[in-house]
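Enquirer: sharing a sequence plus its predicted fold:
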Amino acid sequence: MPPPSSAFRKPASSGLALKRYAPVVGVTVLLTLAISNFLKPQPISDHRPHGQRDFLPSSHAGLLEAGGDGSRQSPRWELPEDWKKKIVAAVPMSTAGMPWVKAGRAWRRGVRTAFVTDFYPTAEQILDGGTHGETFVFLNTSNVPYHYYGKAAMVPSTVSEHFGDTTYEWLLYGDDDTVWFMDSVVDIISKLDPNLPWMITDHFWFWRKPLNSGPVHPAFDAPRCVPCGYNKSQINVAALGFDPPQACPYCTVDMLCKADARKELYVQEEGKPCTFNFMYPQDGEYLAHGGGGMILSVGLMRILPVAYMLDCIQNKFSPDKVFGGDTLFHHCILFKGIAPTDPGHYTWDQGFNGFDPGGQLVRSVVDLFYGYLKKGCCDGLCEARLKALTTLHLRGMHFKEPEAAMEYMRLLVDLRDLYVHVRDKGLLNGGHPALPDSWDNHKVCA
């Protein structure tokens, strides 16, 4: 049996049916048509005040730049050049992954990206990738155990050594169908020192008998820190299950051990650093979700060279203790005494995490974008969730056709661009005006 297209893929849950995802494909088609209709030139309508379009109120009429031919041009958020020099992306690639390489250009937009392969790409693929800041790095996996899981765990270190640790500051580690919203990435990392060992995410697998009968993700109660100086006043410690420590200067296992009242999760021996009490399926587990993406600092990657990762994977695990490539990678970091940091939102909003929110559901994120763009339909919580949104994992295998998942990726990036454009224009102009009371048809948020 060939490996799944995602190097991080977990075994599918029982009873999962493709028909559950049919509404997602339908929403994709409808919203694609809506955006296309909004962005192309349209005549003034006799049925809407001032040529009002359904997708945005006419108060936003000046938001889109006019092209030389008078047509409307899609708003597009661009990563500033100084940040392009600081950020690289690391992605595992399969022999069938080239379509995903091309689809991911929608969000990468020239960000230096290394695709780690265990095969040699064609000359045409190399030339084409070079025009988009893409390189292909061959990894000899003959001595890497656990097949594609081992390969996935080796990807960040392989890419870090490929670029060199003086040529970047932050590394984005995700799957080929992981979408990154770069404005949110910059908002997170701009506050942190890249030379310290940071592992940033808020999407974890975490479960313990008898509390849970099986794997839970995203897990609201998973152990992690919050950034140094983070305002913890909103955190509901009782609901979270522990009081997350501030990562000053960065998050360590020892910090979690001291702050977490759930002492059964840790092993504390006199005179030795505290470590996690690793319990593997089905008694328990704890790992960052690879498909949801992780932001890794160059300071972390300096203590995770290829030689260390290979030794860790070869000698610290057995087949019954490997749930995925993210198990291997996260646990090899924990063995170094470093623990993950949550940007913060998911510590107080149990209904939304910024790294791949909603588990298997991406339609809810489209609803958030629509709620923001349709005036009066996005309250303070909605705006906070959109600001926190950092990644989405498209899970291409759950779409009836891979092309549908790829088009959905492009649609999500278009929606994010439009949201950021409207948001920033509103901030610049002192806020967006409310809809007139007479426009009752535009106040329907559902």
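Expert: Perfect, thanks for sending it.

Enquirer: what pairs with residue 90 across the strands?
Expert: Under DSSP bridges, the beta-bridge partners of residue 90 are residue 114, residue 173.

Enquirer: identify the residues contacting it.
Expert: The neighbours of residue 90, taking Cβ atoms under 8 Å, 6 or more residues apart in numbering as the test, are 113-114, 116, 155-156, 158-160, 171-173. Bear in mind the C-beta positions are built from the backbone N, C-alpha and C, glycine included.

Enquirer: check it and give its pLDDT.
Expert: Note on residue 90: pLDDT of 98.

Enquirer: which residue would you name as the spatial centre of this structure?
Expert: Nearest residue to the geometric centre of the chain (Cα atoms, centre = their mean): residue 391, 2.5 Å.

Enquirer: how close does that residue sit to residue 383?
Expert: Note on residue 391: its distance to residue 383, by Cβ to Cβ, to the nearest Å, is 19 Å.

Enquirer: show the average pLDDT along the longest helix along the chain.
Expert: Identified as the longest helix of the chain according to DSSP state H is helix 402-428. The pLDDT scores in helix 402-428 average 89.

Enquirer: ok, now stretch 173-189?
Expert: On average, stretch 173-189 scores 96.

Enquirer: give the buried residues for that stretch.
Expert: Across stretch 173-189, burial judged by 16 or more other Cβ atoms under 10 Å covers 173-185, 188-189.

Enquirer: just the CA atoms of it, as CSV, please.
Expert: What follows is stretch 173-189, C-alpha atoms only, in CSV (Å, rounded to 0.1, in the frame of the first residue of the first chain):
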residue,chain,number,x,y,z
TYR,A,173,7.0,23.4,9.2
GLY,A,174,3.8,22.0,7.8
ASP,A,175,2.3,19.6,5.3
ASP,A,176,2.0,20.2,1.6
ASP,A,177,-1.7,20.9,2.1
THR,A,178,-1.2,23.3,5.0
VAL,A,179,-2.2,26.9,4.3
TRP,A,180,-0.3,29.6,6.2
PHE,A,181,-1.7,33.1,6.7
MET,A,182,1.5,35.1,6.7
ASP,A,183,0.1,38.3,8.2
SER,A,184,-0.7,36.3,11.3
VAL,A,185,2.7,34.6,11.3
VAL,A,186,4.4,38.0,11.3
ASP,A,187,2.2,39.2,14.1
ILE,A,188,3.3,36.2,16.3
ILE,A,189,7.0,36.1,15.6
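
Enquirer: can you give the distance of that stretch from its chain's centre?
Expert: Distance of stretch 173-189 from its chain centroid, counting by Cα atoms, centre = their mean, to the nearest Å, is 5 Å.

Enquirer: again with stretch 290-306
Expert: 14 Å.

Enquirer: now the end-to-end length of it.
Expert: 18 Å (Cα to Cα, to the nearest Å).

Enquirer: give me the buried positions along it.
Expert: Buried residues in stretch 290-306, defined by neighbour count with 16+ other Cβ under 10 Å: 290-301, 304.

Enquirer: good, wrapping up.
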